[in-house]
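S.K.: Dropping a prediction and its sequence here:
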Amino acid sequence: MVRLLALDPLAIGDLLWTPLLIIILKVVAIFAIGLLVTMFMVWFERKAIAGMQNRIGPNKAGPWGLLQTLADGIKLFFKEDLLPDRADRFVFKLAPYLAFVPAFLVWSVIPLGGDFSDGKNGIVTWFGEQTRVQLADPPVGILLVLALSSIAVYGIMLAGWSSGSKYPLLGSVRASAQMVSYEAALGLSIATVLLLAGTLSTSGIVANQDGFANWHVVSTGVVPFIIFLLAATAELNRPPFDLVEAEQELVGGFNTEYSSIRFGLFFLAEFMNTVTMSGIIVTLFWGGPQGLFDIPVIPGAIEGTIWFIAKVLLFLYVYVWFRATLPRFRYDQLMDLGWKILIPMSLGWFMLMAALRLGRDQDWNQAVVAIVSAIVLIVCAGLISVAMKVSRANREREGATF
Amino acid sequence: MELVVFVIAAAMVIVGALGVIVRPNPVHAALSLVLTLFGVAVHFVALEAHFLAAVQVIVYAGAIVVLFLFVIMLLGVDRTEDITIEPFKVQRPMALVVGVGVIGLVTAAVSSSRDAIGRGNGLEIPTVTGDNDSNVRQIARSVFGDYVVAFEITSVLLVVAVVGTVMLTRRIKSGKGES
């Protein structure tokens, strides 16, 4: 049982008051940070898109319109909560929480800071107790993120179904198909990282990336990062993969029938997922709180947080950028990209990395291993493209129209 | 503490399992199944099998039940059904007999092998060290070491099943195999 709680160096040994208070403090802090950051993200997205479209964007509530999201949230609270006649009452009420709670829980495993230099492993000392700047460091770390994202699928799926209405159902069926398809590519690109890190725990993955050459984006050869970025965008149902709420086709997608704070929860979950997913990208590929250089004066632990925030901001901007620039995919293009390109590519790259790793462990000639694997991969890619051509020709002969 | 966790998880499993068979709406039944699977995952965590717990949620709750729900929604069989109607007459008495039989067998097996657990009975009890990833290592050693043949054969079986499904659902326009 002690080990069940040992997600943190704090909780090892007898549970005393100071560690308990620190844990409670961390929970409250993470909750507050999560909400604040989401608020900021909504504002940031509106403001950045406005800038890209030559508009001003929110500028009335608070300085630079920063409190706009808060005002919108309060307004949502006071709006009438509609329950459609044909809705499945229990599931309809449950669905927003199924979307919202996993979005929040992901925060708990992301290392938000800490000093990872000189093998300190991100452990900091607060009030005489050793701890990490992350709520929990479970042994399954990154798998927990995958598990939570698969629970989030339920929120969207059940929201659409329980509304008892056509467009939400179509939106939710699209969403779940999309999320399940892209989860495979997501998982395979994470596997490549795990191959190098040799551990599932998020703090372990960060600790493995000391120095720019060891950041996984470099050491896995960029490809898994690109696959992860694309698959994550699809997993978040963000543009250009936002077929779930394609306004022109589906009214508003799975949340059409939702109003008031229930809609607010979906909205919040969506933006929070964007922030947490950026955090996960940074943790997996960009060294998490590990910096490129030492910032003078500021102590190590705070420095980590500064680096982390800077990197997350970069990816938040990338997501907004995607949204403002790219037109939406067609549904068949989305499925083609997922199944025929991203999954085979991530699998192939994973095999290549595994072969190189094995070659290094066995002291084989690296160049020979690389050349042989490359040839094998090219042959596989050729076979896949031949198979796709044949099946396309077959379908066309059978009278399918494209 | 351990007992509390066990009782809560067991209650989740049992309530979920009952829900699967008594809920008239297929979607609710599928959701009850999710509850059961979560209960099992909690049991795994309490047994320090963190990896299995995560995989349980990712694979069963995240993929398989989502697939169930997907099929239920796509086929439009998500109406509430009258479960008092019995399409197959002998099914329920048979189910009762089989259920009682399974409970009897499990109880007998547990009670007869109770003192065997913990003795040197060939079952190697893995030692959990402070290593966070010992779970994954041990599973990987047995799956890709001791049981690698069985593992590979299972994966071949799955590929055969997938290819078979694709072949069965393919519609050939001309010829005898219409739909």
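M.R.: Perfect, I can see it now. This one's a predicted model, so the numbers in the text were calculated from it and none came from an experiment.
S.K.: what about A:Thr202, neighbour count?
M.R.: 29 (other Cβ atoms under 10 Å in any protein chain shown). C-beta coordinates here come from the backbone N, C-alpha and C atoms, glycine included.
S.K.: what does chain B put close to chain A?
M.R.: Contact residues (Cβ under 8 Å from any Cβ of the partner chain) of chain B with chain A: B:1-2, B:5, B:25, B:27-28, B:31, B:34, B:45-46, B:48, B:50-51, B:53-55, B:57-58, B:61-63, B:66-67, B:69-70, B:73-74, B:78, B:128, B:132-133, B:135-136, B:171-173.
S.K.: Tell me the pLDDT of B:Asp133.
M.R.: The score at B:Asp133 is 68. That number is its pLDDT.
S.K.: swap that for A:Glu247, please
M.R.: For A:Glu247, the model assigns a pLDDT of 70.
S.K.: And it, how close does it get to chain B?
M.R.: For A:Glu247, the distance to chain B equals 22 Å [Cβ to the nearest Cβ, to the nearest Å].
S.K.: Over to A:Glu45?
M.R.: Separation of A:Glu45 from chain B (Cβ to the nearest Cβ): 28 Å.
S.K.: before we move on, the earlier item: drop anything exposed from the residues of chain B next to chain A.
M.R.: Using 16 or more other Cβ atoms under 10 Å in any protein chain shown as the burial test, the residues of chain B next to chain A include B:25, B:27-28, B:31, B:34, B:45-46, B:48, B:50-51, B:53-55, B:57-58, B:61-62, B:66, B:69-70, B:73, B:78, B:132-133, B:135-136 as buried.
S.K.: Narrow the residues you listed to those in helices?
M.R.: B:27-28, B:31, B:34, B:45-46, B:50-51, B:53-55, B:66, B:69-70, B:73, B:135-136 (DSSP state H).
S.K.: Past the strand or helix carrying A:Arg262, which element shows up next along the chain?
M.R.: Using DSSP states H and E, A:Arg262 falls within helix A:260-285. Downstream of helix A:260-285, the first helix or strand assigned by DSSP H and E is helix A:300-325.
S.K.: tell me which residues of that following helix are tucked away?
M.R.: A:300-305, A:307-309, A:311-313, A:315-316, A:319-320, A:322-323.
S.K.: wait, A:Pro168 sits on A:Phe263?
M.R.: No. Counting by Cβ atoms under 8 Å, A:Phe263 is not a contact partner of A:Pro168; they are 12.0 Å apart.
S.K.: and for these two, which residues touch both?
M.R.: Residues touching both A:Pro168 and A:Phe263 by Cβ atoms under 8 Å, 6 or more residues apart in numbering or on different chains: A:Asn255.
S.K.: So for these two, which residue has more residues nearby?
M.R.: A direct count of neighbours by other Cβ under 10 Å for A:Pro168 and A:Phe263 places A:Pro168 higher, at 27 against 20.
S.K.: Do a quick rundown of the strands in chain A.
M.R.: Assigned by DSSP state E, the strands in chain A fall at A:123-126, A:129-132.
S.K.: The last one and chain B in contact?
M.R.: Yep, that's strand A:129-132 we're talking about. No. Strand A:129-132 stays clear of chain B (Cβ under 8 Å from any Cβ), getting no nearer than 12.8 Å.
S.K.: Now chain B against chain A: closest residue?
M.R.: Chain A sits closest to B:Gly62 of chain B, with a gap of 2.6 Å, by Cβ to the nearest Cβ.
S.K.: Same question for the host helix or strand of B:Gly16: list its buried residues.
M.R.: For B:Gly16, the host element (DSSP H and E) is helix B:2-22. By neighbour count on 16+ other Cβ under 10 Å, the buried set for helix B:2-22 is B:9, B:12-13, B:16, B:19-20.
S.K.: quick one: which of those is nearest to A:Leu20?
M.R.: Lowest distance from A:Leu20 to the buried residues of helix B:2-22 (Cβ to Cβ) belongs to B:Ala9, with 23.7 Å.
S.K.: which residues sit in contact with the residue nearest to that closest one when sequence neighbours are not counted?
M.R.: Ranked by Cβ to Cβ, 6 or more residues apart in numbering or on different chains and with sequence neighbours excluded, the top spatial neighbour of B:Ala9 is B:Val42, at 3.9 Å. Taking Cβ under 8 Å, 6+ apart, we find B:Val42 in contact with B:5, B:8-9, B:12, B:53.
S.K.: for A:Gln68, same thing?
M.R.: Residues near A:Gln68 by Cβ under 8 Å, 6+ apart: A:42-43, A:46, A:58, A:60-62.
S.K.: Before we move on, what's the pLDDT of it?
M.R.: As predicted, A:Gln68 sits at a pLDDT of 85.
S.K.: To what extent is the spatially closest residue to the residue of chain B closest to chain A that is not a sequence neighbour buried, counted in neighbours?
M.R.: Nearest residue to B:Gly62, sequence neighbours excluded (Cβ to Cβ, 6+ apart): A:Ser150, at 2.6 Å. A:Ser150: 23 surrounding residues under other Cβ under 10 Å.
S.K.: Other residues contacting stretch B:145-165?
M.R.: B:143-144.
S.K.: same thing but at 6 Å, please
M.R.: Stretch B:145-165 is contacted from outside by B:Val143, using Cβ atoms under 6 Å, 6 or more residues apart in numbering or on different chains.
S.K.: So for it, mean pLDDT?
M.R.: For stretch B:145-165, the mean per-residue pLDDT is 92.
S.K.: tell me the mean pLDDT for the helix holding A:Arg262?
M.R.: In the prediction, helix A:260-285 has an average pLDDT of 88.
S.K.: Flag every buried residue along it.
M.R.: A:261-285.
S.K.: quick one: low-confidence parts of the stretch 101-250 of chain A?
M.R.: Scanning the stretch 101-250 of chain A with the threshold set as pLDDT under 70 gives A:117-122, A:125-129.
S.K.: try 50
M.R.: For the stretch 101-250 of chain A, applying pLDDT under 50 flags no range at all.
S.K.: Kindly report the same for chain B.
M.R.: Low-confidence segments of chain B (pLDDT under 50): B:121-123, B:176-179.
S.K.: what's the domain layout of it?
M.R.: B:1-82, B:133-170 (automatic domain parsing).
S.K.: Contact residues of chain A facing chain B?
M.R.: A:1, A:3, A:139-140, A:143, A:146-147, A:150, A:153, A:161, A:176, A:180, A:199, A:201, A:398-399 (Cβ under 6 Å from any Cβ of the partner chain).
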